[in-house]
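A.B. asks: Let's see this in three dimensions:
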Amino acid sequence: MKKSNIFKMIMLVIAAVFIFAACATTVEYTYDAPIAPSELQPNGQPAVPPREPLDIPEDGFASAVNEVGFVRDHGFILNYRHWRRAQPDFDWEDVAGNHWAWGEDDPPVYGSASIVPTLPTFGVGTGDIGITFFDPVANDGDGRMFVVFGDSWDGHFNSHSLSGRTMMSQVLLYTDNLDFTRGIEWSGGWTAANGGTLATAQEFINNSWYVGHLIGPGNAGNNPLLSPNGRTNIPTGAIAIPGESNYFSDYYIFFMEVSGDFTLGGDWPVAANRAIRSTDGGNTWHVVPGLVWTRQDAPNFGQVFPMWSNCYEWIYIYGIPQARLGSVQLGRVRPQYFDNFEKYEYFVGMIGATPQWLPGRQGLLRLRGELAETYVFDGPAGEMNVMFNDHLQRYVATYQAGATGIVMRTAPNPWGPWSAAQTLVTGEMFPRFYGAFTNRYFSANNGQTFWFLMSQWLVEPGGVNNIANVYDVRFLEVALN
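C.D. replies: Residues are numbered from 1 along each chain as shown. So this is what the prediction gives:
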């Protein structure tokens, strides 16, 4: 056995000992005690202890969240061309007073936070969503980070026309470089190399709305899956679960079947949420027949986001209904039963400090009653993401809270009690934003720093001479106190 492999095994054993020690005791919690009148400010709000001065980088901005030191923007990761800080001339000024210019004479860097250009490498020039999941088994045990994009195109296009572009409903890229301090260094993806020409990304869930409808013939013949209800199929969450292979885990990607038109108010109907699975490292994908949450039986699980518990004994699924206006409900399942719909159980409230669960369809029936105690926290919530953070030793939820911005909540348990929503970024900072996807391993310094992927829609100025991306994904850093 190679020395490097022996070293890896030793480190895994040490890590397992620490995890066991941390997870050997049951997590207990108490609700916040009432605040005494003497602790209130004149305006009736709780007194906030003074914060230590922060060392905020020049390109970062301070956060109002007590647990967060600063948030820093690293730019786009799928851009055809990128905005650069103008020196000395500029043609746009953002709300923070930063001057930016269109890099017309710059070489196309395809996103200032993307180390590897995605357009010539994978044929992906723009996209949205950016759901992350981590496989600790892949890459010879060194780990691999995957990113699932939603609606994506094979390049840029004029803001006044959608013609001439090939639309890929979902694109999967990955990186083996887990140092994200310089951005994302793409290593590969689910491309036509799996069955066609190299360097062309392929959608892996057929988008029956766009193909042949809006932007030309598309690539329907290469798509292995077809939604029976769909206008379009959009990923909502993903997870890697150890399987039989010694080289990679089993991958699951959840997607919502959008069954009607999107409205300008940000609403869309969802027929169901389903899951696809890969057992060969992402080369082939198949629908999981039993995993389907329909609008009739599980209306609050139109968008499903899975998450490992801290000690990996449960997988929790957070559910929100269609669009971005609903509240959050919760289910869970043992990893070995992940494909068995009837083995899921659902949070239906608390008795004292003990969470209550009901199994299978009985639990879903209770959730359809929309009782207040069945929600882990109230909306509006869009593009839900939850992870365990090792630095805080708490679960962290990041999501869009209506027009407020991207917010963060923390809790000692997956069901709560959740802190109040705390704003990370606002629409003034990043217009037309949505999504804040991350995971436990999309981090550094034991979770004190983590990154998230946020989408923007039509963010660049239009015009005859300006090229506008319909979607783009921004790479942001959060530094915790």
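A.B. asks: Helices of this protein, start to end?
C.D. replies: With DSSP state H, the ranges of helices along the chain come out as 3-23, 118-122, 360-367.
A.B. asks: any idea of the mean pLDDT in the second one?
C.D. replies: I take that to be helix 118-122. Mean per-residue pLDDT for helix 118-122: 75.
A.B. asks: Quick one: neighbours of Asp280, just the number.
C.D. replies: 14 (other CB atoms under 10 Å). All C-beta spots, glycine's among them, are computed from the backbone N, C-alpha and C.
A.B. asks: about what we covered before: could you tell me the least trusted of the helices of the chain?
C.D. replies: helix 3-23 (a mean of 44).
A.B. asks: which regions of the stretch 101-250 of the chain lie under the pLDDT threshold?
C.D. replies: 101-113, 120, 154-167, 169, 191-200, 206-231 (pLDDT under 70).
A.B. asks: how about 50 then?
C.D. replies: Low-confidence segments of the stretch 101-250 of the chain (pLDDT under 50): 101-111, 156-164, 193-198, 209-229.
A.B. asks: quick one: the strands in the stretch 101-250 of the chain?
C.D. replies: 129-135, 144-149, 152-153, 167-168, 171-175, 188-189, 232-241, 250-258 (DSSP state E, counting those that start in this stretch).
A.B. asks: contacting residues around the nearest residue to Asn139 once chain neighbours are set aside?
C.D. replies: Here the nearest residue to Asn139 in space, its sequence neighbours aside, is Asp176; by CB to CB, 6 or more residues apart in numbering that works out to 4.7 Å. Counting by CB atoms under 8 Å, 6 or more residues apart in numbering, Asp176 makes contact with Ala138, Asn139, Asp142, Gly143, Arg144, Met145, Ser187.
A.B. asks: Could you rerun that using 6 Å?
C.D. replies: Contact analysis of Asp176 by CB atoms under 6 Å, 6 or more residues apart in numbering lists Asn139, Arg144, Ser187.
A.B. asks: got it, and Gly237?
C.D. replies: Here Gly237 is in contact with Phe254, Val304, Phe305, Pro306 (criterion: CB under 6 Å, 6+ apart).
A.B. asks: circling back: among the contacts of Asp176, the buried ones, what's the PyMOL command?
C.D. replies: Buried residues within the contacts of Asp176, by 16 or more other CB atoms under 10 Å, are selected in PyMOL with:
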select buried, resi 139+144
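A.B. asks: sorry, back to before: compare the strands of the stretch 101-250 of the chain and give me the one nearest Trp268.
C.D. replies: Closest approach to Trp268 among the strands of the stretch 101-250 of the chain (CB to CB): strand 250-258, 5.3 Å.
A.B. asks: Name the residues that touch that closest one?
C.D. replies: 148, 205, 227, 229-241, 243, 268, 270-273, 275-279, 282, 302-304.
A.B. asks: Next, the angle from that strand to strand 171-175.
C.D. replies: Interaxial angle of strand 250-258 relative to strand 171-175 (axes from the mean of the first three to the mean of the last three CA atoms, to 10 degrees): 150 degrees.
A.B. asks: in its sheet, what does strand 250-258 sit against?
C.D. replies: strand 232-241 (antiparallel), strand 270-278 (antiparallel) (DSSP bridges).
A.B. asks: what is the orientation angle of the longest one with strand 144-149?
C.D. replies: Here the directions of strand 232-241 and strand 144-149 differ by 170 degrees (the same axes, to 10 degrees).
A.B. asks: Arg332 and Gly319 touch, don't they?
C.D. replies: No: counting by CB atoms under 6 Å, Arg332 does not reach Gly319; the two are 11.3 Å apart.
A.B. asks: what about these two, which has more around it?
C.D. replies: Taking neighbours as other CB under 10 Å, Arg332 and Gly319 compare with Gly319 leading, 27 against 21.
A.B. asks: what sits against the more buried one?
C.D. replies: So Gly319 contacts Asn300, Phe301, Val304, Gln329 (CB under 6 Å, 6+ apart).
A.B. asks: repeat that for 8 Å
C.D. replies: Contacts of Gly319 by CB under 8 Å, 6+ apart are Trp293, Ala298, Asn300, Phe301, Gly302, Gln303, Val304, Phe305, Val328, Gln329, Leu330, Gly331.
A.B. asks: what pLDDT does it get?
C.D. replies: Reported pLDDT for Gly319: 98.
A.B. asks: Beta-bridge partners for it, please?
C.D. replies: Bridge pairing for Gly319 - DSSP bridges - gives Val304, Gln329.
A.B. asks: how much space is there between the closest residue to Arg324 other than its chain neighbours and Ser327?
C.D. replies: Leaving aside its chain neighbours, Arg324 sits nearest to Gly382 (2.6 Å; criterion: CB to CB, 6+ apart). Counting by CB to CB, to the nearest Å, the gap from Gly382 to Ser327 is 11 Å.
A.B. asks: Show me the common contact partners of those two, please.
C.D. replies: Ile320.
A.B. asks: So Val425 sits against Met408, correct?
C.D. replies: No: taking CB atoms under 8 Å as the definition, Val425 is not a contact partner of Met408, at 10.1 Å.
A.B. asks: For Val292, grab the count of nearby residues.
C.D. replies: Residues near Val292, counting by other CB under 10 Å, number 17.
A.B. asks: tell me the pLDDT at it?
C.D. replies: Val292 is given a pLDDT of 95.
A.B. asks: how many neighbours does Gly326 have?
C.D. replies: Neighbour tally, Gly326, other CB under 10 Å: 21.
A.B. asks: ok, it - contacts?
C.D. replies: Applying CB under 8 Å, 6+ apart, the residues near Gly326 are Asn300, Ile320, Gly379, Pro380, Ala381.
A.B. asks: and the gap between it and Pro299?
C.D. replies: The value you get for Gly326 to Pro299, if CB to CB is used, is 9 Å.
A.B. asks: Count residues in the vicinity of Asn340, would you?
C.D. replies: Around Asn340 there are 14 other residues, counting by other CB under 10 Å.
A.B. asks: Find the nearest non-adjacent residue to it, please.
C.D. replies: Asn340 sits nearest to Gly290 (CB to CB, 6+ apart), 6.6 Å away.
A.B. asks: In contact with that neighbour, which residues?
C.D. replies: Asp339, Asn340, Phe341.
A.B. asks: Next one: the second one relative to Trp285, how far apart?
C.D. replies: Going from Asn340 to Trp285 by CB to CB gives 19 Å.
A.B. asks: pretty sure Phe248 contacts Asp135?
C.D. replies: Yes: Phe248 is within contact range of Asp135, at 5.8 Å (criterion: CB under 8 Å).
A.B. asks: Find the residues that touch each one of those two.
C.D. replies: Taking CB under 8 Å, 6+ apart as the contact rule, Phe248 and Asp135 both touch Arg144.
A.B. asks: Show the pLDDT at Glu88.
C.D. replies: Small correction: residue 88 is Pro, not Glu. The model's pLDDT for Pro88 equals 35.
A.B. asks: separation between Asn233 and Ser455?
C.D. replies: 17 Å.
A.B. asks: ok, now Gly379?
C.D. replies: 19 Å.
A.B. asks: now swap in Tyr344 and tell me
C.D. replies: 29 Å.
A.B. asks: ok, now Cys311?
C.D. replies: Applying CB to CB to Cys311 and Ser455 gives a distance of 32 Å.
A.B. asks: which stretches of the stretch 351-481 of the chain have low pLDDT?
C.D. replies: 459-469.
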